[in-house]
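>>> Here is a sequence together with a model predicted from it:
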Amino acid sequence: MAVFHKNRNMVAALEPEPQDRWVKTVIGTRCLTVQHIGQYQQAVDWAVRMADQFDPPLHIVPFDVNDLVKLNRNRLERGLALLTPDEQHRLRQDVVNTCVEVMRDCDDPSVRNDAYDVLQKMRVVQ
């Protein structure tokens, strides 16, 4: 983690990991922005420039899909529970089709393995 000290404040920037897809800028407990991971350095630069304009420290936090699911698990489960059986079936088919496309078209072996794992958990393949 990189820490940048300013006159009256600081910025803590967590380093992105290979699986991270987005970066959020957080002040206190409030998320200010969410950007594509390709804009990580711009997020850090902006936070360092603006740090003294805020009282609580700023945090730059890269995250991936797993982090997103963990943070929103209850909301996702409540939303899925509201789906009709037909909507649930269509959603399942969309997930299966997407995973098959990923396995066929993606160049990243770890992403292909993740798609295969999803299909196994869904009992589409054994």
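Here it is on my side, so go on. Residues are numbered from 1 along each chain as shown.
>>> Quick check: buried residues in the helix or strand containing Tyr116?
Assigned by DSSP states H and E, Tyr116 belongs to helix 109-121. Across helix 109-121, burial judged by 16 or more other Cβ atoms under 10 Å covers Arg112, Asp114, Ala115, Tyr116, Val118, Leu119. (C-beta placed from N, C-alpha, C; glycine too.)
>>> tell me how far it is from the chain's mean position?
From the chain centre to the centre of helix 109-121 is a distance of 18 Å (Cα atoms, centre = their mean, to the nearest Å).
>>> Check which helices and strands that helix is in contact with.
Applying 3 or more Cβ pairs under 8 Å, 6 or more residues apart in numbering; DSSP states H and E, we find helix 109-121 packed against helix 85-105.
>>> And the helix it packs on, what does it pack against?
For helix 85-105, the packing partners by 3+ Cβ pairs under 8 Å, 6+ apart are helix 109-121.
>>> what's the closest of the buried residues of helix 109-121 to Gln19?
Closest approach to Gln19 among the buried residues of helix 109-121 (Cβ to Cβ): Asp114, at 9.2 Å.
>>> tell me the contacts of the closest one?
With contacts taken as Cβ atoms under 8 Å, 6 or more residues apart in numbering, Asp114 has no neighbouring residues.
>>> ok, now how distant is it from Val61?
Applying Cβ to Cβ, to the nearest Å, the value for Asp114 to Val61 is 22 Å.
>>> Met122 and Arg92 touch, don't they?
Yes. If you go by Cβ atoms under 8 Å, Met122 and Arg92 touch, sitting 7.2 Å apart.
>>> Can you give me the buried ones in the helix or strand of the chain with the lowest mean pLDDT?
Least confident helix or strand, the chain: helix 65-81 with a mean of 89, by mean pLDDT, DSSP states H and E. Residues of helix 65-81 classed as buried: Asp67 (neighbour count, 16+ other Cβ under 10 Å).
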